[in-house]
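Asker: Below is the sequence, then the predicted model.
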Amino acid sequence: MVGRDRSLPAPLLNLFSPILLILSLAVAKVHAAGEAKLHIGDHTLTAELAVSPNEQMTGLMNRDSLESNHGMLFVFPQPKQASFWMHNTSIPLDLAFLDADGVILEIIPLVPFEEKPVLSKSSNVSYAIEVSRDWFASRNLKAGMKVSGIPK
């Protein structure tokens, strides 16, 4: 077996190359559709999207950590008073409620495993962002600031 060429014959390689390219582009598109690059002030946050009821119900449950500058963006079909809890969520988080224009209405610290619901003060919440605890404060990001890059 020493010195045996194990590469595919050129006709097979030519056949599989476009298929592999199409598959890799499809995977990249699915991954890109599941996250957004959000900008707040001079800071960028990579946010996983939670759009479906199941994605929103699951949120960041059953995870041990959250990468730096990563979080989750919850996209609601219409403005509402939002309610969150920390069932099966061990990561200390901060939660920001946003209006339809992407303006931060309030930022609330969330306690790991706390099952008591946390309600937004406003009934005009269109989005919510969960990030690691103190992510907003350590960057001096506050209520009233606008988040851009939210998929519409």
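Answerer: Received, thanks.

Asker: my read: residue 80 touches residue 122, true?
Answerer: No: applying CB atoms under 8 Å as the test, residue 80 and residue 122 come out as separate, 9.3 Å apart. Every residue, glycine included, has its C-beta placed from N, CA and C.

Asker: Would you agree residue 144 falls within a strand?
Answerer: No: counting by DSSP: H, G, I helix; E, B strand; the rest coil, residue 144 falls outside a strand, being coil.

Asker: unless I'm mixing things up, it is touching residue 104, no?
Answerer: Yes: Residue 144 lies in contact with residue 104 (CB under 8 Å); the separation is 6.5 Å.

Asker: Looking at the two, which is more packed in?
Answerer: Between residue 144 and residue 104, residue 104 has the larger neighbour count (other CB atoms under 10 Å), namely 20 against 9.

Asker: I'd like the distance between that one and residue 122.
Answerer: 11 Å (CB to CB, to the nearest Å).

Asker: Between these two, which contacts overlap?
Answerer: Taking CB atoms under 8 Å, 6 or more residues apart in numbering as the contact rule, residue 104 and residue 122 both touch residue 97.

Asker: so who does the residue nearest to residue 121 when sequence neighbours are not counted touch?
Answerer: With CB to CB, 6 or more residues apart in numbering as the criterion, residue 121 has its nearest non-adjacent residue at 6.0 Å, and that residue is residue 106. Going by CB under 8 Å, 6+ apart, residue 106 touches 96-97, 120-122, 143.
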